[in-house]
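A.B. asks: structure here, sequence nowhere to be found:
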């Protein structure tokens, strides 16, 4: 019996079906726990799914490459999803054209602050070059950040982890910090959350209301674009 | 999800990759694809229903798409253990700094007339 079980496991772990199915199941579990905890920003469904799958891979001594053969079908959709960001960007762009100049300045300053302070702090604490390059695009949305890290010689999978943690930090502490500096305008709150912590920050902004959500989605899309344009330019200039 | 608009998203992405390679641009292909689609929407002046549903279908589960790459953390456990100090300080410091700086700049520059609250 145990031989049969092992044969089945060996067969399944070599097929893409297992990696793909476990990814979806782990995410469903993450969503379920997130719902049970009343959507608390610290209980993040992605974090839960990643923790479950990592534990499973380590316990079963499965290589990441084997898992990814199945999971790549989910991963591939990041490309079309990035293109699809054009739709919310277009919708919100029509709404906020009036404040375009203010938003453009805040976008450039905020985007440079996010990347510059991350690289600066890690550099001061003796972070390795691989870490610095992988940190630089971490406030951009995942598909864009990973593509930038890859182009600049960083580690895209490390960047993915850093992007995820950035989102969770922004969602968990962002509104507290905004209250501290007495910024209560939902347009400003939303834009700051979306710029610094992309989709996970935007999910938090949705809880603040429709205006905050719209500005957060806009900031997420714009910062993806700004990071993709500014970082490689700065890197070419510095290196 | 309408197939025609899924195809449109892929065509934009492919065109983005081609433009990137042809012009040797430092911007990722999907981002150029996003700019192309955005330009198309500005010219057309509205979002077709099918495109709206294809787009929201993908973006609704954006967080899921991120899981396979996130699991890549297991290939970096050594680096994260060795460098947890700069990682933690840089992530917390820069994320909060970006929120504060962005909010303050926008707070000063934003037109205040429409009484949004």
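C.D. replies: Structure's in. What do you need? Note that the coordinates shown come from a computational prediction; the quantities given were computed from them, not determined experimentally.

A.B. asks: residue in chain A with the shortest distance to chain B?
C.D. replies: residue A:157 (2.7 Å; Cβ to the nearest Cβ). The way it works is simple: take the backbone N, C-alpha and C, and place the C-beta from them, glycine included.

A.B. asks: what about residue A:4, neighbour count?
C.D. replies: 8 (other Cβ atoms under 10 Å in any protein chain shown).

A.B. asks: check which helix or strand it maps to.
C.D. replies: helix A:2-13 (DSSP states H and E).

A.B. asks: contacts only, for residue B:5.
C.D. replies: B:48, B:50, B:51, B:53, B:54, B:55 (Cβ atoms under 8 Å, 6 or more residues apart in numbering or on different chains).

A.B. asks: what separates residue A:57 from residue B:63, distance-wise?
C.D. replies: With distances taken as Cβ to Cβ, to the nearest Å, residue A:57 is found 20 Å from residue B:63.

A.B. asks: neighbour count: the two, which is higher?
C.D. replies: Higher neighbour count among residue A:57 and residue B:63: residue B:63, with 24 against 19, using other Cβ under 10 Å.

A.B. asks: pretty sure residue B:94 sits against residue A:112.
C.D. replies: No. Contact criterion Cβ atoms under 8 Å: residue B:94 and residue A:112 do not qualify, at 11.0 Å.

A.B. asks: more neighbours: the two, which one.
C.D. replies: residue B:94 (27 against 17).

A.B. asks: what sits against the more buried one?
C.D. replies: A:113, A:114, A:115, A:116, A:117, A:118, A:121, A:135, A:138, A:139, A:166.

A.B. asks: show me the shaky parts of chain A.
C.D. replies: Within chain A, the ranges that satisfy pLDDT under 70 run A:1, A:94-95, A:239.

A.B. asks: let me see the domain layout of it.
C.D. replies: The record's domain parsing of chain A by automatic domain parsing lists A:2-76, A:82-238.

A.B. asks: near chain B at all, the first one?
C.D. replies: Put plainly, it is domain A:2-76. Yes. Counting by Cβ under 8 Å from any Cβ of the partner chain, chain B has neighbours in domain A:2-76: A:23-24, A:26-27, A:45-46, A:49-50, A:53-54, A:57-58, A:64, A:67-68, A:71-72, A:74-75.

A.B. asks: what separates the first and last residues of that domain, distance-wise?
C.D. replies: 36 Å (Cα to Cα, to the nearest Å).

A.B. asks: would stretch A:111-130 count as contacting chain B?
C.D. replies: Yes. Against chain B, stretch A:111-130 shows contacts by Cβ under 8 Å from any Cβ at A:111, A:113-119, A:121-123, A:125-128, A:130.

A.B. asks: show me just the buried residues among those.
C.D. replies: A:111, A:113, A:114, A:115, A:117, A:118, A:119, A:121, A:122, A:123, A:127, A:130 (16 or more other Cβ atoms under 10 Å in any protein chain shown).

A.B. asks: CSV please, covering the residues you listed and showing distance to residue A:5.
C.D. replies: What follows is these, written out as CSV (distance: Cβ to Cβ, whole Å):
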residue, distance to residue A:5
A:111, 52
A:113, 54
A:114, 49
A:115, 49
A:117, 52
A:118, 47
A:119, 49
A:121, 49
A:122, 46
A:123, 51
A:127, 45
A:130, 40
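
A.B. asks: can I get the domains of chain A in TSV with distance to residue B:36?
C.D. replies: Below are the domains of chain A laid out as TSV (distance: least, Cβ to Cβ, whole Å):
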stretch	distance to residue B:36
domain A:2-76	19
domain A:82-238	8
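
A.B. asks: tell me the most buried of those?
C.D. replies: domain A:82-238 (a mean of 23; mean count of other Cβ atoms under 10 Å in any protein chain shown).

A.B. asks: now it, how far from the chain's geometric center?
C.D. replies: The chain centroid and the centroid of domain A:82-238 are separated by 9 Å, computed with Cα atoms, centre = their mean, to the nearest Å.

A.B. asks: remind me what the longest helix along chain A packs against, helices and strands.
C.D. replies: Assignment by DSSP state H gives helix A:210-238 as the longest helix of chain A. On a contact count with 3 or more Cβ pairs under 8 Å, 6 or more residues apart in numbering or on different chains; DSSP states H and E, helix A:210-238 meets helix A:86-96, helix A:100-124, helix A:142-151, helix A:186-206, helix B:29-44.
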